[in-house]
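Asks: Next one to model:
(4 chains)
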There are 2 protein chains.
Amino acid sequence: MTRTRIPASAPGVESDVTRVAVSTVIFSLRRDAADCPRLVLPLVRRTRDPYDGLWALPGGWLDIAENLDDAASRTLAETTGLTPSYLEQLYAFGDVARSPTRVVSIVYWALLRADEVDAQVAAHASGGDAPENVAWFDVNDLPTLAFDHNQIVDYALWRLRNKAGYSRVAHGLMADTFTLAELREVYEAILGRRLDPANFRRQVENSGTLVRTDSFRTGNHRPARLYRPHRDVELADRGPLAATSSTHESSTT
Amino acid sequence: MTRTRIPASAPGVESDVTRVAVSTVIFSLRRDAADCPRLVLPLVRRTRDPYDGLWALPGGWLDIAENLDDAASRTLAETTGLTPSYLEQLYAFGDVARSPTRVVSIVYWALLRADEVDAQVAAHASGGDAPENVAWFDVNDLPTLAFDHNQIVDYALWRLRNKAGYSRVAHGLMADTFTLAELREVYEAILGRRLDPANFRRQVENSGTLVRTDSFRTGNHRPARLYRPHRDVELADRGPLAATSSTHESSTT
DNA sequence: CCAAAAGTGTTATCCCTACACCCATGG
DNA sequence: CCATGGGTGTAGGGATAACACTTTTGG
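Replies: Take a look at the predicted model:
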């Protein structure tokens, strides 16, 4: 699998042409020293001008025969080797001044299941795909990024937090089964505030998005019931490709 | 002011290049025979292949030295001669199969004040900017459009309806002053259902987005107080260019 | 006076929040 | 048995929806 990034000059670059790139803000979770889940995202270190040496969002040039979504998936696969559990277009950034040459970046954002990322990080460390140029950063502790990528990450974070408030996107970060406390921790990591365990339980139970299993997670205290996502429950609201329908309410809990 | 559209072939077109176009879904209001406001949008008749003769969204090619927002504004001005009261990026459409040549369309959606459109329609009829190729259509009675433009309009409509539910975008369709009944009619036209006048009044009064004036609209019955939009009230939630902040709630009434 | 729209009041219901409280397990 | 997290119950507040009711105009 070859690496593609956003170089300033591709072979045969023409400075009088507007080129289209695709980048992706990939969110996942990693537990910190205190075993508390933190939002993290992978960045790629640039090896060319402009911004040589700075960290940037994973991305690449849009191929002439490639759909936008496919380009985002490819980007994501080349960076992490994984399939996202959620992928959505974020915004098209195209200011003239955002790059020395004219580049319109179609930016996506994605969620990766935490358990799969752990496996991937191990695989990357052993595999030979130049892992030294990819690193995962805590979203609350980002360096200065290349181009307008700090701004882009801010916007993606806003979208994630906003969407977590009225849809079930956050489930895309979970493994197959999980306890309600684990799910609540994830929401707390995303929203950046504590949630009442009792009320959180009732909300997700009444939402119909989870089904109880007969298994329990045993630990230091009373065992907690495991849940799994309900099939047939979309993670988010309709996209531009959905059929005509009368569902025009995304702000429902 | 010159007209720019989305021709299949621009001068010097190369079929091995991905080109970037900008189109805009422009919503406004027009009163029907029963004096009831209807959502309408302007379309442009194509005069080239592909889809020669079909109606399409107003748009044009992105200039190498032009920001995306500016291109959308230019498109809008060329079509209607007006400045939008609201303009927001909708989505980037870039499927390989959506056009014979590879075109990525950055699509915007906009709102135009109803009173200004009336003036513009008159001006267009007298002015010489080929008005016969621009026509306004009721959004509920659209013909088959060129490319994937029907799908795009559907998505823009969904976004407008959704956003009208939790923000004050709809105010962008109103004149300087208006009665609460007029504002309610607009919401009814957008949402496609009747609203309780009493509850609607309380909602917008408590929202703090309107200020009472001392004027009244006199008609066949009891005069209705005129309101005007409050300064310092954004029409919608934050966009990607907003500064870092902790406001991550767009679903507030 | 009457019709109809402008505007006010009242109540039931739902959802969210806060918080008290019981349950089950490992140590 | 006790500390701790899992899980349930409940009362108050705010927003909404339904609808009765009063006010003010033109005809």
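Asks: wait, does stretch A:210-228 make contact with DNA strand D?
Replies: Yes: against DNA strand D, stretch A:210-228 shows contacts by CB under 7 Å from any atom of the strand at A:Phe216, A:Asn220, A:His221, A:Arg222, A:Pro223, A:Ala224, A:Arg225. C-beta coordinates here come from the backbone N, C-alpha and C atoms, glycine included.
Asks: Buried residues, that stretch. List them.
Replies: A:Leu210, A:Ala224, A:Leu226, A:Tyr227, A:Arg228 (16 or more other CB atoms under 10 Å in any protein chain shown).
Asks: Output that stretch as CSV, restricted to C-alpha atoms.
Replies: In CSV, the C-alpha atoms belonging to stretch A:210-228 read as follows (Å, rounded to 0.1, in the frame of the first residue of the first chain):
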residue,chain,number,x,y,z
LEU,A,210,-29.0,-0.5,22.1
VAL,A,211,-30.0,-4.1,22.9
ARG,A,212,-29.2,-5.8,26.2
THR,A,213,-27.1,-9.0,26.0
ASP,A,214,-27.0,-11.7,28.6
SER,A,215,-23.3,-11.2,29.3
PHE,A,216,-21.8,-9.1,32.1
ARG,A,217,-18.5,-7.4,32.5
THR,A,218,-17.0,-8.6,35.7
GLY,A,219,-14.6,-6.4,37.6
ASN,A,220,-13.9,-5.1,41.0
HIS,A,221,-17.5,-4.5,41.9
ARG,A,222,-21.0,-5.4,40.8
PRO,A,223,-20.9,-6.9,37.3
ALA,A,224,-22.2,-4.5,34.6
ARG,A,225,-24.5,-5.7,31.8
LEU,A,226,-23.1,-5.7,28.3
TYR,A,227,-25.0,-4.0,25.5
ARG,A,228,-24.5,-4.0,21.7
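Asks: any idea of the mean pLDDT in that stretch?
Replies: For stretch A:210-228, mean pLDDT rounds to 94.
Asks: Likewise for stretch A:145-161?
Replies: 97.
Asks: Quick one: find the helix or strand in chain A with the lowest mean pLDDT.
Replies: helix A:114-126 (a mean of 66; mean pLDDT, DSSP states H and E).
Asks: Quick check: residues of chain A near DNA strand D?
Replies: A:179-181, A:197-199, A:201, A:216, A:220-225.
Asks: Determine which two of those are furthest apart.
Replies: A:Asn199 and A:Asn220 (24.0 Å; CB to CB).
Asks: What distance do you get for A:Leu239 to DNA strand C?
Replies: Small correction: residue A:239 is Gly, not Leu. Separation of A:Gly239 from DNA strand C (CB to the nearest atom of the strand, to the nearest Å): 24 Å.
Asks: Show the pLDDT at that residue.
Replies: 84.
Asks: And it, how close does it get to A:His230?
Replies: 20 Å (CB to CB, to the nearest Å).
Asks: in chain A, which spans are helices?
Replies: A:68-80, A:114-126, A:149-166, A:180-191, A:197-207 (DSSP state H).
Asks: Next, format those as a markdown table and append mean neighbour count and distance to chain B.
Replies: Converted to a markdown table, those look like this (neighbours: other CB atoms under 10 Å in any protein chain shown; distance: least, CB to the nearest CB, whole Å):
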| stretch | mean neighbour count | distance to chain B |
| --- | --- | --- |
| helix A:68-80 | 21 | 4 |
| helix A:114-126 | 15 | 22 |
| helix A:149-166 | 21 | 4 |
| helix A:180-191 | 18 | 8 |
| helix A:197-207 | 12 | 15 |
